[in-house]
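> Any chance you can model this:
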Amino acid sequence: MLAFSALVAGSFSLGGMMANDIAPDAFTAMRFWLAAVFVGVLAWQRGALAPANFVAPWRYGVLGGLFGLYFVLMFEGLRTAPPVSAAAVFTLVPLMAAGFAYLLLRQVLTGRMALALAIGGIGALWVIFRGDPGAALAFDVGRGEAIYFIGCISHAIYTPMVRRLNRGESAVTFTFGTVVAGGILLGIYAWPALRQVDLAALPTRVWVTLFYTAFFATAVTVILLQFATLRLPSAKVMAYTYLTPSWVIIWEIALGNGVPAGIILGGVALTMLALFLLLRDDAERKVQKRTA
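Predicted structure coming up:
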């Protein structure tokens, strides 16, 4: 999940650079098709493409639809919302995931997990608003942030649905089914926009973002997310997204968009404390199992 948060953060910075160069639904469909190729090769090498692994294909349609909706609305939101502001909205996913996990899986937050979520949320907001209370009080949710928030609801539902719908398939198999189903649904929905795309005229930044998001931020992160979701409670999985604003700032620095003020390091420290509480909870459970 640490790797997941770092790779996801790159989507915000790169996506913000090219969001107005291509229709979000067309871009997301192309992204899913390319990701399906990457994951399909990996699944074929591992012998994970047996027909028996794809029973009840409607499950992949549900997951692919949820994930596809999230990415379409993410890039639509990034047309007007700056990357760091969008990351602020993304930090709402863990709490929403906890609520949906209770409804779908009856997973209940422990006191330590609830404390970690609260500390992580405060730390993330600290990073987002760069330690400026005035900026936080003056926060005005724009159209882009509102659109992306709807996408984040879809992401929050997706997380517990992975565990609810999985029937023992490996993460690679489940990922391949998800991206193929998502690519089919997006292809149907985005067909009018896809017909208008002039591939030869697309800027280089679109192709770079397409490859990055298809391979690293789709194929790799979906595998990481599904691997973690099958082993950790949904709220704990999504708690790692509190690190995303910090990673976004690092990406922005790497892309030459400025260095943040030192005061935001306090927020980074709080997100680290939240993760420490979560990891400590895991360590204590392992000790209890060994002594039982």
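
> Specify the local secondary structure of the residue nearest the centre of the chain.
By Cα atoms, centre = their mean, the chain has its centre lying nearest to Val8, at 5.7 Å. At Val8 the chain is in helix, as set by DSSP: H, G, I helix; E, B strand; the rest coil.

> residue contacts, it?
Neighbour list for Val8: 90, 217, 221, 241, 244, 247 [criterion: Cβ atoms under 8 Å, 6 or more residues apart in numbering]. Placement of C-beta: from N, CA and C, glycine included.

> How many residues are close by the third one?
The number of residues packed near Thr221 is 23, by other Cβ atoms under 10 Å.

> and what of the last one?
A count of neighbours around Trp247, defined by other Cβ under 10 Å, yields 21.

> My read is that Asp21 contacts Pro203, right?
Yes. Using Cβ atoms under 8 Å, Asp21 is in contact with Pro203, at 5.6 Å.

> Now list whatever residues contact both of these two.
Counting by Cβ under 8 Å, 6+ apart, nothing touches both Asp21 and Pro203.

> Could you look up the SS state of the residue nearest to Ser5 when sequence neighbours are not counted?
Of all residues not flanking Ser5 in the chain, Leu243 sits nearest, at 4.3 Å (Cβ to Cβ, 6 or more residues apart in numbering). Of the three states, Leu243 takes helix according to three-state DSSP.

> just to revisit the earlier point, just the contacts of Val8 now: which is nearest Glu145?
Of all the contacts of Val8, Phe90 has the smallest distance to Glu145: 10.3 Å, by Cβ to Cβ.

> what's that closest one in contact with, if anything?
With Cβ under 8 Å, 6+ apart, Phe90 has these contacts: 8, 12, 148, 152, 241, 244-245.

> and it, how far is that from Ala6?
Counting by Cβ to Cβ, to the nearest Å, the gap from Phe90 to Ala6 is 13 Å.

> Over to Pro160?
23 Å.

> neighbour-wise, which of those two wins?
Pro160 (25 against 19).

> buried stuff in the helix or strand that the more buried one is a member of?
Per DSSP states H and E: Pro160 is located in helix 143-165. Using 16 or more other Cβ atoms under 10 Å as the test for burial, helix 143-165 gives 144-145, 147-149, 151-163, 165.

> quick revisit: what's the burial count for the residue nearest to Ser5?
Neighbour count of Leu243, defined by other Cβ under 10 Å: 26.

> Let's test this: mean pLDDT of stretch 42-61, rounded?
Mean per-residue pLDDT for stretch 42-61: 84.

> And for stretch 90-109?
Rounded mean pLDDT across stretch 90-109 is 80.

> for the chain, what helix or strand is lowest in average pLDDT?
Lowest by mean pLDDT, DSSP states H and E among the helices and strands of the chain is helix 265-291, with a mean of 66.

> At which residues are the helices of the stretch 1-150 of the chain located?
2-18, 24-45, 58-77, 83-90, 93-105, 111-128, 133-137, 143-165 (DSSP state H, counting those that start in this stretch).

> want to throw these into CSV with distance to Thr209?
Below are these laid out as CSV (distance: least, Cβ to Cβ, whole Å):
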stretch, distance to Thr209
helix 2-18, 4
helix 24-45, 8
helix 58-77, 9
helix 83-90, 12
helix 93-105, 22
helix 111-128, 22
helix 133-137, 28
helix 143-165, 17
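
> Can you say which of these is packed in most?
With neighbours defined as mean count of other Cβ atoms under 10 Å, the helices of the stretch 1-150 of the chain peak in mean count at helix 83-90, which reaches a mean of 25.

> could you give the angle of that one to helix 111-128?
Angle of helix 83-90 versus helix 111-128, following axes from the mean of the first three to the mean of the last three Cα atoms, to 10 degrees, is 160 degrees.
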